[in-house]
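>>> Quick one, fold the following:
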Amino acid sequence: MTTDRATAEREAAGAAGVEVAPVAGHIGAEIHGVDLTEGLDAAQVAAVRAAVLRWKVVFFRGQRLDHAQHVALARLFGEPVVLPRRGKASPAGFPEVETTADRLELGGRFGMEHDEWLRRRRHTLLRGWHCDHGARVDPPAFTILRAETVPPYGGDTTWSNLAAAYAGLSAPMRAFVDGLRAEHRLGVGYQPRPGDDAYVRHLLDHQIATVHPLVRVHPETGERVLFVNGYYVEQIAGLSRPESAAVLELLLEQATRPEYTVRFRWEPGSVAFWDNRATVHLAPSDNAHLAHPRTMHRVMLAGDVPTGVDGTPSEAVVGSEPGRW
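Numbers count the residues shown, from 1 in each chain. This is a model prediction of the structure:
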């Protein structure tokens with residue numbers, strides 16, 4: 001970001017009464033001076049949006065939003081997504097809100113409890129990193145997640161800045177990955193159970209896959225973003241499987257280097273608002289054995305079809321269409 005642009009953003013935020021306090025070198029800022037329950041005026045919306053675009057994820061504390069206020073906040077920044085299927089703890093009457101209570105949505109389903117699901121989904125260190133609904137042809141643009149009940153310790157979420165990760169590659173490597181594309185497919189990071197596996201059968205019946213550019217151009221900032229994650233991506237188009245595996249391991253390690261990340265300690269009333277086009281995040285796995293509840297509510301905002309450096313858009317393989325959930 002240029003000095004002039006950064007100065008202009010600080011001045012605009014100050015004029016709106018919004019304090020933006022960065023919390024890490026490449027990603028993450030806390031926002032003070034606003035009460036989300038009262039809504040935001042146009043200047044505050046612009047300041048918050050600029051902060052999200054600059055810092056990729058922003059955090060608010062002490063915000064006691066109800067479901068209606070959560071949805072109203074989201075509408076200030078885009079069109080909320082309505083999921084055809086939600087977790088069973090999600091509230092009736094608010095189809096935009098998805099709730100995760102204590103256990104992940106699949107906990108107890110398909111013959112697996114939460115602990116086994118985590119082991120099979122995250123059988124390597126990098127598998128848990130993901131963007132929301134990355135296998136779709138039009139992944140959400142933003143996600144707004146709020147905490148209702150959290151454990152007294154554990155349960156943190158970590159995000160990584162994929163624009164900074166791309167910029168941190170060497171020039172020859174950037175030139176190489178600029179022209180590549182990869183298939184993002186729901187379930188590729190899952191390690192099946194021996195014998196019959198009800199979740200594998202579910203995946204086969206509900207396939208979602210898209211060929212995305214490995215480097216997408218951010219539609220608002222113009223930044224180049226390293227569009228990789230451990231949960232959906234397994235094969236780079238045009239490379240052999242050994243070549244693809246080696247390149248993906250390198251890029252995933254680059255995408256999740258500690259210097260590009262921020263970790264957030266949740267409190268009741270905390271809100272995280274992130275740019276799903278420029279980040280991956282890692283949900284917590286250190287609280288599964290604890291007896292403390294963790295109830296979170298999520299609203300996602302509709303996104304566009306990614307385009308690569310050459311202007312070529314993503315192509316749906318199966319299971320999704322732009323704007324249709």
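>>> unless I'm mixing things up, residue 152 is touching residue 293, no?
No - Residue 152 sits out of contact with residue 293 when judged by CB atoms under 8 Å, with a separation of 10.9 Å. All C-beta spots, glycine's among them, are computed from the backbone N, C-alpha and C.
>>> Please say which of these two ends up with more neighbours.
residue 293 (14 against 8; other CB atoms under 10 Å).
>>> do you know how far the more buried one is from residue 323?
In this structure, residue 293 and residue 323 are separated by 35 Å, where distance is defined by CB to CB, to the nearest Å.
>>> just residue 315 next, same as before
16 Å.
>>> Residue 87 too?
Using CB to CB, we find residue 87 at a distance of 23 Å from residue 323.
>>> same question, residue 18
Applying CB to CB, the value for residue 18 to residue 323 is 31 Å.
>>> Tell me how far stretch 127-134 lies from the chain's centre.
For stretch 127-134, the distance from its own C-alpha centre to the chain's C-alpha centre is 6 Å (CA atoms, centre = their mean, to the nearest Å).
>>> My error: substitute stretch 87-107 in the last question.
Mean-position distance between stretch 87-107 and its chain equals 17 Å (CA atoms, centre = their mean).
>>> Residues touching it, excluding its own?
Under the contact criterion CB atoms under 8 Å, 6 or more residues apart in numbering, stretch 87-107 has outside partners 67-68, 70-71, 74, 80-83, 86, 112-114, 117-118, 199, 283, 293-299.
>>> still on that earlier bit, which residue of residue 87 and residue 323 possesses the greater neighbour count?
The residue with more neighbours, out of residue 87 and residue 323 and counting by other CB under 10 Å, is residue 87; that gives 17 against 13.
>>> does that one count as helix, strand or coil?
Using DSSP: H, G, I helix; E, B strand; the rest coil, the structure places residue 87 in coil.
>>> Let me see the ranges of the helices in the stretch 201-325 of the chain.
Secondary structure of the stretch 201-325 of the chain by DSSP state H, counting those that start in this stretch: the helices cover 241-255.
>>> any weak-confidence spans in it?
In the prediction, the stretch 201-325 of the chain carries no residues with pLDDT under 70.
>>> ok so, going back, kindly supply the PyMOL command isolating those of the contacts of stretch 87-107 that are buried.
Per 16 or more other CB atoms under 10 Å, the buried members of those correspond to this PyMOL selection:
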select buried, resi 67+70+71+74+80+81+83+86+112+114+117+118+199+283+294+296+297+298+299
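>>> and the nearest residue to residue 81 once chain neighbours are set aside, how many neighbours?
When the adjacent residues along the chain are set aside, residue 81 lies closest to residue 300, with 4.5 Å between them (CB to CB, 6 or more residues apart in numbering). A total of 26 residues lie near residue 300 under the criterion other CB under 10 Å.
>>> and residue 300, what is it in contact with?
Counting by CB under 8 Å, 6+ apart, residue 300 has contacts 80-81, 132-133, 140, 142-144, 276.
>>> cool, and residue 55?
Shown here is residue 55, whose contacts under the criterion CB under 8 Å, 6+ apart are 20, 22, 27-29.
>>> swap in residue 49?
Residues touching residue 49, when contacts are defined by CB under 8 Å, 6+ apart, comprise residue 77.
>>> Torsion angles phi and psi at it?
Dihedral angles of residue 49 (phi, psi; degrees, to the nearest 10) stand at phi -60, psi -40.
>>> Next up, phi/psi of the residue nearest to the spatial centre of the chain, please.
Note on the chain: the residue nearest the mean C-alpha position is residue 131, at 3.5 Å, using CA atoms, centre = their mean. As for residue 131, its main-chain torsions (degrees, to the nearest 10) stand at phi -100, psi 160.
>>> How about the contacts made by it?
Applying CB under 8 Å, 6+ apart to residue 131 gives the contacts 139, 229, 276-277, 279-281.
>>> could you give the mean pLDDT of stretch 129-147?
Taken as a whole, stretch 129-147 has a mean pLDDT of 97.
>>> I'd guess residue 74 is in a strand, am I close?
No - the assignment for residue 74, made by three-state DSSP, is helix rather than a strand.
>>> With adjacent residues omitted, what lies nearest to it?
Skipping the residues right next to it in sequence, residue 74 comes nearest to residue 299 by CB to CB, 6+ apart, at 4.4 Å.
>>> Wait, that neighbour touches residue 69, no?
No - contact criterion CB under 8 Å: residue 299 and residue 69 do not qualify, at 10.7 Å.
>>> So the residue of the chain most remote from its centre: helix, strand or coil?
Note on the chain: the largest separation between a C-alpha and the mean C-alpha position, by CA atoms, centre = their mean, falls on residue 195 (32.4 Å). Classification of residue 195 by three-state DSSP places it in coil.
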